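Chemist: dropping a prediction and its sequence here:
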Amino acid sequence: MPVAAENSTRDPFLVSATTVELGGDPVLADVELRVPPGQCLALLGANGSGKSTLLRVMLGLQPVTTGSVRIFGTAAAKYRDWQRISYVPQHLLASSAVPVSVTEVVSAGLAGQRLRLSRADRDAIANTLAVVGLRDRRKDSFHDLSGGQQRRAMIAAALVKDAEVLLLDEPTAGLDKENISRLASILADYKKRNRTIVVVTHELGALESLVDRCIVLEHSDGPSIRYDGPAPAPGTFHDPHGHHDEPGPDSDELWGLPR
Amino acid sequence: MSPLDYDFMQRALLAAIIVGALAPMIGVFLVQRRLALLGDGMGHVALTGVGLAFLLGTQPIATALIVAIAGAAFVEIIRAKSRAVGDVALALVFYGGIAGGVLLASLASGSSSTALNQYLFGSLATVTAGDVVALVTVAVVVGVLLVLLGRKMFAVSLDPDLAQVQGIRVQWISLLISVLASVVVVIGMRTVGLLLVAAIMVVPVAAAQQVSRSFASTAAVAVAVGLVSAIVGLLQAFYLNVPSGPTIVITALAAYVLAAIGSRVIGART
């Protein structure tokens, strides 16, 4: 879709004619995506459809083979105003080598902005831990938490920044029903304040009522985006193998999403 | 006579205290990034600096510092450019470092193998007053950098992608961590020696991991273990008349064994 020039710096993300190849294999093909401010967008698709890759492309973490990515109107590689953007990755790379406390994981969400944590920062960290229900685990080692608790700690690390755009990669993986609805209400609150949410998920489940727009990705010979429209996406999308990148041995409960 | 009645022991002790405190502070980042052996490689590379200093008649600490920092930058560029061959490329750099060091030192003079030994395994008698000034200066610079950039270094070590989305220049911070590791190697080469200095970065952290639940407490305990090992090891070396590197490292290893047993005992009780 054509984008009016005066709007381009307001749009959190603009992905144009983008293709990503890894080792010669196409992972994403011909992606066109404009995310306007205030939208709650879900990226759906089976394993290998490129939905997590697209999220990383939008953040400039994944180099593109062709095409361009703009964040608030600036080329992703040159974008600097990261205070406006928060990201929940699927896993933390190095959470087990040296013990890291839950509070330290959350405080890493502010590491780019401040040399030292202020009292207000510490209060914000404590409040955010309460919001995700981990206040009593704050001094524990992140590595000792269950998979679902780790996910909640990572969500807290993104929320503590209070950014205007929030990107989440499989935030419901490993969460039990109670914590999925807790996440849904956190995101609903975020959305009420007219913030932008992009969530990569395997299934919408309890998040469906929040989502303004669904994009379904599919790995095929043609363009990656197979559906772009209001939720719910047409019911043909179904992953017969179920999902699990790595649920972890001790998820809060097995994948209790209604089908 | 008490060991501290000797001027050379006072200087050696000061040098050991500096490396005992600083090395684990950098080591905790290396361990978290799973680069525990990087310090070892930097020690090999610094050896070329020492050999070069013998040949040119320059100050060994300054020369080793320059060569080690250049080596760290080179290794970091290799790591960034080519993840696949990084492992082998690092090995090439490291072995090149030790071979170059021995070769250059041998070219410098026939009698320098003893002198080289002092740099390889540490020696009490070699720390000069000028060295102490250089070590204190470098230590202050490292300390200031840690205060200013420690939280960014932590974020990059925890998850580089997450750090990048915080606006942190991940490659620069990675480079900084490697450069700081090479600086610590050079700080430690007089007392612990280039072959063992990486141990004082890593072993106290390994001991601290056994009893800690957070990054900050791991770092604090590791510094305590590093300090105690440096001081106790230095005194052992004095009384046994042996090089100080091995005694310092064996003391740190003993601390690791104690911590590992202690954490098992406490873990079994709770």
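Modeler: On my side now, so go ahead.

Chemist: would you map the strands across chain A?
Modeler: Using DSSP state E, the strands of chain A run over A:13-22, A:25-35, A:40-45, A:66-71, A:74-75, A:85-88, A:165-169, A:196-200, A:213-217, A:225-229.

Chemist: where does pLDDT dip in the stretch 151-259 of chain A?
Modeler: The model of the stretch 151-259 of chain A has pLDDT under 70 over residues A:233-259.

Chemist: ok, whatever residue of it ends up closest to chain B to B:Gly41 distance?
Modeler: When scored by Cβ to the nearest Cβ, the stretch 151-259 of chain A has A:Ala157 as its residue closest to chain B, at 7.5 Å. In short, each C-beta sits where N, CA and C put it, glycine included. Look at A:Ala157 and B:Gly41: by Cβ to Cβ, to the nearest Å, they are 32 Å apart.

Chemist: so for B:Ser229, which of the strands of chain A sits nearest?
Modeler: Nearest of those to B:Ser229, taken as Cβ to Cβ: strand A:85-88 at 40.1 Å.

Chemist: of A:Ala157 and B:Gly41, who's got more company?
Modeler: A:Ala157 (32 against 26; other Cβ atoms under 10 Å in any protein chain shown).

Chemist: residues contacting the more buried one?
Modeler: A:Val88, A:Val105, A:Val106, A:Ser107, A:Ala108, A:Gly109, B:Leu162 (Cβ atoms under 8 Å, 6 or more residues apart in numbering or on different chains).

Chemist: my read: the fifth one touches B:Leu162, true?
Modeler: Yes. The pair A:Ala108 / B:Leu162 is scored as a contact, 6.7 Å apart, by Cβ atoms under 8 Å.

Chemist: which neighbours do these two share?
Modeler: In contact with both A:Ala108 and B:Leu162: A:Ala157, B:Ala155, using Cβ under 8 Å, 6+ apart.

Chemist: how about whatever residue of chain B ends up closest to chain A, nearest residue that isn't a chain neighbour?
Modeler: Here chain B gets closest to chain A at one residue, B:Gln166, 2.8 Å apart by Cβ to the nearest Cβ. Using Cβ to Cβ, 6 or more residues apart in numbering or on different chains and skipping residues adjacent in sequence, the residue nearest B:Gln166 is A:Gly112, 2.8 Å away.

Chemist: same check on B:Thr126?
Modeler: That would be B:Gln118: by Cβ to Cβ, 6+ apart, it lies 5.0 Å from B:Thr126.

Chemist: and that neighbour, how many neighbours does it have?
Modeler: 19.

Chemist: before we move on, which element is it in?
Modeler: Counting by DSSP states H and E, the element that carries B:Gln118 is helix B:112-121.

Chemist: show me the shaky parts of the stretch 1-150 of chain A.
Modeler: Residue ranges of the stretch 1-150 of chain A with pLDDT under 70: A:1-7, A:94-95.

Chemist: count of neighbours near the residue of it found nearest chain B?
Modeler: Using Cβ to the nearest Cβ, the single residue of the stretch 1-150 of chain A nearest to chain B is A:Gly112, 2.8 Å away. Look at A:Gly112: counted by other Cβ under 10 Å, it has 20 neighbours.

Chemist: quick one, helices of chain A?
Modeler: Along chain A, the segments classed as helices by DSSP state H run A:51-58, A:102-107, A:119-131, A:147-159, A:177-192.

Chemist: nearest to B:Val249, out of these?
Modeler: Short answer: helix A:102-107, nearest of the helices of chain A by Cβ to Cβ, at 28.9 Å.

Chemist: from the contact counts, what lies against that closest one?
Modeler: In terms of contacts (3 or more Cβ pairs under 8 Å, 6 or more residues apart in numbering or on different chains; DSSP states H and E), helix A:102-107 is packed against helix A:119-131, helix A:147-159, helix B:129-158.

Chemist: for the stretch 101-250 of chain B, which spans come out with low pLDDT?
Modeler: Checking the stretch 101-250 of chain B against pLDDT under 70 turns up B:110-113.

Chemist: where along it do the strands fall?
Modeler: Here the stretch 101-250 of chain B has no strands by DSSP state E, counting those that start in this stretch.

Chemist: please list the residues of the stretch 101-250 of chain A that sit near chain B.
Modeler: A:101, A:103-105, A:107-117, A:139-141, A:144, A:157 (Cβ under 8 Å from any Cβ of the partner chain).

Chemist: select only the buried ones of those residues in ChimeraX?
Modeler: Per 16 or more other Cβ atoms under 10 Å in any protein chain shown, the buried members of those correspond to this ChimeraX selection:
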select /A:101,103,104,105,107,108,109,110,111,112,140,141,157
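
Chemist: spatially central residue for the chain, please.
Modeler: You didn't say which chain, so I picked chain A. For chain A, the residue nearest the mean C-alpha position is A:Leu168 (1.3 Å; Cα atoms, centre = their mean).

Chemist: can you look at chain B instead?
Modeler: Geometric middle of chain B (Cα atoms, centre = their mean) lands on B:Val185, at 3.7 Å.
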